[in-house]
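A.B. asks: got a predicted model here, sequence first, then my questions.
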Amino acid sequence: MTTAAAVSQGTGDADNPYALSHLDALESEAVHIFREVAGEFERPVILFSGGKDSILMLHLALKAFAPAPVPFALLHVDTGHNFPEVLDYRDRTVARHGLRLHVASVQDFIDRGELRERPDGTRNPLQTVPLLHAIESNRFDAVFGGGRRDEEKARAKERVFSLRDEFGGWDPRRQRPELWQLYNGRHSPGEHVRVFPLSNWTELDVWQYIAREKIELPAIYYAHEREVFARGGMWLAPGEWGGPKDGESVETRLVRYRTVGDMSCTGAVDSDAATIEAVIAEIAASRLTERGATRADDKLSEAAMEDRKREGYF
Amino acid sequence: MSTIVDPVDVAATATSLLRFATAGSVDDGKSTLVGRLLHDSKSVLADQLEAVERASLGRGQEAPDLALLTDGLRAEREQGITIDVAYRYFATPRRRFILADTPGHVQYTRNMVTGASTAELAVVLVDARNGVVEQTRRHAAVAALLRVPHVVLAVNKMDLVDYAEPVFAAIAEEFTAYAASLGVPEITAIPISALAGDNVVTPSTNMDWYGGPTVLEHLETVPVVADPSEDPARFPVQYVIRPQTPELPDYRGYAGQIASGVLRVGDAVTVLPSGRTSTIEALDVLGQAVDVAWAPQSVTVRLADDLDISRGDLIAPAAAPPATTQDVEATVCHVADRPLKTGQRVLLKHTTRTVKAIVKDIPSRLTLDDLSQHPAPGELAANDIGRVVLRTAEPLALDPYADSRRTGSFLLIDPADGTTLTAGMAGSAFAEAAEAAAAHADDDAEWDF
């Protein structure tokens, strides 16, 4: 027994032949989660946006079931304002791994009059309706999301298996306690479970793992020259989605993206990090969180993320 | 701690991972401690700090309230309390940390149990002015029940007792004696001031008499890897991988995460509950063939013989299989708002296996305050800890929780709507040392926790 007077002994982890690195431990845990879902659910699907977290999820799923194919389809909620590089990456990935892709289109809902464009042009909050419609019409009972608890303080309270009601809603007060590695996926008809295999990863873990595994990403994650304009303290890409407006001027800057989402609310950061090594060095030194730096949708109110999650957003 | 590590060099940053939990009463300064660990380890970024400063100002507070870093939900901010476990992440060059930040309220025992279930270390906070109180004993008991390997007693608010060594020493001695009697294997006591920053991340200049580590230094150096070769191997089958492709027509791999011990190619194994035997022909760690794998690696096992094995089966060494039983005695923490009653039909989820079960008896309920037990309570309410006797519809290969937190733990689930009812730990609750101590206690001969 150690007491107050004891001197610490050093970790000794390096000498232990059974030590696992933190990336190996996180990988093992995520794979366990994928296999639990495969074992317990009828119709799981992986939410795939073409962003780094969903790309990492797919990579882990491919490992979890090798040498067999991934037993899940992909679901992309297409806001209609996607970066072309990302759509290209998505389609190449689906083809290479022989996956099945479902697309839920915000534009279709707007065209049918079932959704209305917001005055600010941001489509991110509009994703929830097509997402829930796709879950319901395809009878998906488990939906993998790439959400990480380090992203946002409401997400810090999110379970790995998160039960959603028939409206897709999240009630933080009614969450199931999650003990040991025993995930409870029981649900009633109409309900579904959101599953977050990357819950315990941080942004830096994701990038270090992508570097270790040499995973290809869409080019917009690396520094490139792009036409952008300033709005709300962010560099936004011009496009048919509604920018720039009068008084906003386009300039060419050397930028990259830390997150990939809807063009209307995902900002680029000034960066000359053109390689993954440079990106990791930049993130390690950054004084801003990923979302704080680049996501307008989180800034709508102090509880913006919590409120959207309650409505069925990831 | 001051070593500069190049974050780009994956090999250099391949540090270990420590999962730990914090526990403390409402006013012990737990949020401040957590906030300071995050803040002083430079894990709080500028935009998060600005948000806290803005919110603090909005509430009329002059200094940023570090507790706001951790209280994430609307209701928590409105009421100024923490209602649920939250998970926090921070890193130093030496180690990555996952912190289960658990609320201290009496009514949230289940949350501390939840946080402690995956923790390798628990930090129990006490207020130096109050010393060991009921809540402290409760936290120590939960850490002992859940068999958290390392416990840190953080004696906080030392600045309010003039940094006096005798105050600290008396609290440390009382707590250490109590926790050791429960079977807590390792206790480290550290005098701190979370508010002033003494001994949290930087050594205190106010307590020259203390020669031990700071909280962060201890977190960075406590050994997290037990020797898995000391434990018998346990491999719950999660999923059967059968590609059935032209290239791999006969491939049949058993996917799972090794729950304990070490597996080697050539090992003779028994598959439970059927009892059939075979040998390990091949081991894959996520696509890479290996000769040896160990807990907690996720692997795929192939056997020499074509047996009928499915999810829920357990592969174990032929020489050291667990006993199988349909009669389960366990200590449980009831986590649902609706009670658990004698006679109730439930589902029991153990490793990858879910079976029907019936609650045959609830022999006693434990009061964590004084560890007294109340016989035959008839039911357990939310946050109650008690003994239960269960009968399962099918045999389970269940180890005592004392031997394996992974294969000795289970959930009880309501078959009607899937609610998680109860967290279970098979076998006796506290270590044998505690039972021996209890047996010698004059007034408590019946004490079997």
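C.D. replies: Perfect, I can see it now.
A.B. asks: ok, B:Thr109 touching B:Asn383?
C.D. replies: Yes - contact criterion Cβ atoms under 8 Å: B:Thr109 and B:Asn383 qualify, at 4.1 Å. From N, CA and C alone the C-beta is placed, and that goes for glycine too.
A.B. asks: what is in contact with the two at once?
C.D. replies: Contact criterion Cβ atoms under 8 Å, 6 or more residues apart in numbering or on different chains; residues shared by B:Thr109 and B:Asn383: B:Cys333.
A.B. asks: which one of these two has more residues nearby?
C.D. replies: Each of B:Thr109 and B:Asn383 has its neighbours counted (other Cβ atoms under 10 Å in any protein chain shown); B:Thr109 has more, 23 against 20.
A.B. asks: just how off-centre is the helix or strand the more buried one falls within within its chain?
C.D. replies: Following DSSP states H and E, one finds B:Thr109 within helix B:109-117. Going by Cα atoms, centre = their mean, to the nearest Å, the spacing between the C-alpha centre of helix B:109-117 and its chain's C-alpha centre is 7 Å.
A.B. asks: for B:Ser193, give me its contacts.
C.D. replies: Counting by Cβ under 8 Å, 6+ apart, the residues that B:Ser193 touches are B:156-159, B:199-200, B:204, B:206.
A.B. asks: what's the spacing between the residue most central in space within chain B and chain A?
C.D. replies: Taking Cα atoms, centre = their mean, the centroid of chain B lies closest to B:Ser117, which sits 2.5 Å from it. Taking Cβ to the nearest Cβ, to the nearest Å as the criterion, B:Ser117 is separated from chain A by 4 Å.
A.B. asks: for that residue, which non-adjacent residue is closest in space?
C.D. replies: Nearest residue to B:Ser117 in three dimensions, chain neighbours excluded: A:Leu179, at 4.3 Å (Cβ to Cβ, 6 or more residues apart in numbering or on different chains).
A.B. asks: pretty sure the one you found sits against B:Leu411.
C.D. replies: Yes - assessed by Cβ under 8 Å, A:Leu179 is found in contact with B:Leu411 at 6.6 Å.
A.B. asks: any idea of the pLDDT on residue 204?
C.D. replies: By default, I'm working from chain A. Per-residue confidence (pLDDT) for A:Leu204: 86.
A.B. asks: the chain in question should be chain B.
C.D. replies: We have a pLDDT of 94 for B:Ser204.
A.B. asks: might you list the low-confidence residue ranges for the stretch 51-200 of chain A?
C.D. replies: Applying pLDDT under 70 to the stretch 51-200 of chain A flags no residue at all.
A.B. asks: near chain B, which residues of it?
C.D. replies: Proximity of the stretch 51-200 of chain A to chain B, by Cβ under 8 Å from any Cβ of the partner chain, involves residues A:63-69, A:149-150, A:152-154, A:156-157, A:163, A:172-173, A:175-182, A:184, A:186-188, A:199-200.
A.B. asks: list the buried residues in stretch A:32-49.
C.D. replies: A:32-41, A:44-49 (16 or more other Cβ atoms under 10 Å in any protein chain shown).
A.B. asks: which parts of the stretch 51-200 of chain A are strands?
C.D. replies: Along the stretch 51-200 of chain A, the stretches classed as strands by DSSP state E, counting those that start in this stretch are A:73-78, A:101-105, A:142-144, A:161-164, A:192-195.
A.B. asks: of all these, which lies closest to B:Leu216?
C.D. replies: Taking Cβ to Cβ, strand A:161-164 is the member of the strands of the stretch 51-200 of chain A nearest to B:Leu216, at 31.3 Å.
A.B. asks: by proximity to chain B, which residue of chain A wins?
C.D. replies: A:Arg186 (2.7 Å; Cβ to the nearest Cβ).
A.B. asks: okay, the longest helix along chain B in CSV with CA atoms only?
C.D. replies: Longest helix in chain B by number of residues (criterion: DSSP state H): helix B:165-181. Output of helix B:165-181 as CSV, limited to C-alpha atoms (Å, rounded to 0.1, in the frame of the first residue of the first chain):
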residue,chain,number,x,y,z
GLU,B,165,0.2,18.9,8.5
PRO,B,166,-1.6,17.4,11.5
VAL,B,167,-5.0,18.1,10.0
PHE,B,168,-4.0,16.3,6.8
ALA,B,169,-2.3,13.4,8.7
ALA,B,170,-5.3,12.7,10.9
ILE,B,171,-7.7,12.6,7.9
ALA,B,172,-5.3,10.5,5.8
GLU,B,173,-4.9,8.0,8.7
GLU,B,174,-8.6,7.7,9.4
PHE,B,175,-9.5,7.3,5.7
THR,B,176,-6.7,4.8,5.0
ALA,B,177,-7.6,2.6,7.9
TYR,B,178,-11.3,2.6,6.8
ALA,B,179,-10.6,2.0,3.1
ALA,B,180,-8.1,-0.7,3.8
SER,B,181,-10.6,-2.5,6.0
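A.B. asks: B:Asp327 belongs to a strand, doesn't it?
C.D. replies: Yes - under DSSP: H, G, I helix; E, B strand; the rest coil, B:Asp327 sits within a strand.
A.B. asks: skip the chain neighbours and tell me the closest residue to it.
C.D. replies: Distances taken as Cβ to Cβ, 6+ apart put B:Arg391 closest to B:Asp327, at 5.9 Å, once the chain neighbours are dropped.
A.B. asks: can you list the strands that the one helix or strand that neighbour maps to pairs with?
C.D. replies: Using DSSP H and E, B:Arg391 sits in strand B:385-397. Strand B:385-397 has the following strand partners under DSSP bridges: strand B:324-334 (antiparallel), strand B:353-367 (antiparallel).
A.B. asks: reformat these as a markdown table; add mean neighbour count and mean pLDDT.
C.D. replies: Converted to a markdown table, the strands paired with strand B:385-397 look like this (neighbours: other Cβ atoms under 10 Å in any protein chain shown; pLDDT from 0 to 100):
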| stretch | mean neighbour count | mean pLDDT |
| --- | --- | --- |
| strand B:324-334 | 20 | 95 |
| strand B:353-367 | 19 | 95 |
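A.B. asks: out of those strands, flag the one nearest B:Asp399.
C.D. replies: Ranking these by proximity to B:Asp399 (Cβ to Cβ) places strand B:324-334 first, at 10.8 Å.
A.B. asks: got the domain ranges for the chain?
C.D. replies: All of this is about chain A. A:22-204+A:303-311, A:219-300 (the TED database).
A.B. asks: sorry, I should have been clearer: chain B.
C.D. replies: B:15-221, B:229-317, B:323-446 (automatic domain parsing).
A.B. asks: roughly how far out does the longest one sit from the chain middle?
C.D. replies: It refers to domain B:15-221. Centroid separation between domain B:15-221 and its chain, computed with Cα atoms, centre = their mean, is 16 Å.
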